[in-house]
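Student: Next one to model:
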Amino acid sequence: MKHLTNFLLVISFFAISTALYAAGEVKINTDLTVESDGTLVSSGNATVWNDINIYPDAFTSVGSTVPTQVRFKRDAGNSSQGVLLWSFSNSTEQEVYFQVQLPHGYKEGTTLYPHVHWTTFSTDPTGSVVEWALEYTVMKMGGTFSTTTIISGYTPVSVPTGAGQHTVTSLGTIASGTTPNNLEISTVLVCRLFRNSANNPLINAGVDRDTYAAGAGLLGFDIHYESDLAGSRSITTK
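Tutor: Down below sits the predicted model:
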């Protein structure tokens, strides 16, 4: 009898699901829906987060104040070539350039969270600070790019026992609606990333917040974005 009851419950579930599907969509729970064409849509707590990664090899610095490549680490006997990183000066504003395109899984109209991964080349008193900044212009397909915006963030250094701390600095947010049009899939950002070691007057009125007296090594730049679909329903639209 128990097996028969379970069987009937399963049959009833599929019958209800089929009826709902035929009507348009199946609501798995409050935050997860299967639409009538089979598309799985997440909302609320069911959305997930992803990264858009831009690594230093993808950057360009032609015609700008270029950071220098510095040996970061090598083997214990100091006999290998080792590995190199871009080092940003503690006294000169140095920069790299790149572009970012929002992927088709991006939940349109949601906020972007850019940040920098970087590391220290030498010891320095705990509490000294490195400030990074992002200058960008952003526009969806069909729109016209506007003047640039600069956002920044700074992080205290904590390296009392040596160099090589992996640090992440948030650069604030890029909110949909702060441009002439809301952010959509395939929106493009044109960007300049720099260390604000020369007290750029456009950032916090030129107040000196970068106090780390050594080069800062760039590990990478990425943007956290919210995703509600695996991709888009068509080539150019959600």
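
Student: so where's this protein uncertain?
Tutor: 1-25, 27-42, 45-46, 125-126, 159-162, 178-181 (pLDDT under 70).

Student: how is it carved up into domains?
Tutor: Per the record, the chain has its domains at 2-40, 47-227, by automatic domain parsing.

Student: count of neighbours near E93?
Tutor: Neighbour count for E93, taken as other Cβ atoms under 10 Å: 17. Bear in mind the C-beta positions are built from the backbone N, C-alpha and C, glycine included.

Student: Would you mind finding the most buried of the domains of the chain?
Tutor: domain 47-227 (a mean of 16; mean count of other Cβ atoms under 10 Å).

Student: now it: how far from the chain's centre is it?
Tutor: 10 Å (Cα atoms, centre = their mean, to the nearest Å).

Student: which residues touch the residue nearest to S186 when sequence neighbours are not counted?
Tutor: Ranked by Cβ to Cβ, 6 or more residues apart in numbering and with sequence neighbours excluded, the top spatial neighbour of S186 is M141, at 5.4 Å. For M141, the contact set (Cβ atoms under 8 Å, 6 or more residues apart in numbering) comprises E184, S186, T187, T236.

Student: Kindly reformat those as CSV and extend each row with distance to S170.
Tutor: Converted to CSV, the contacts of M141 look like this (distance: Cβ to Cβ, whole Å):
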residue, distance to S170
E184, 24
S186, 25
T187, 21
T236, 31
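
Student: Let me have those residues in a markdown table, adding secondary structure as columns.
Tutor: Formatted as a markdown table, the contacts of M141 follow (DSSP: H, G, I helix; E, B strand; the rest coil):
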| residue | secondary structure |
| --- | --- |
| E184 | coil |
| S186 | coil |
| T187 | coil |
| T236 | coil |
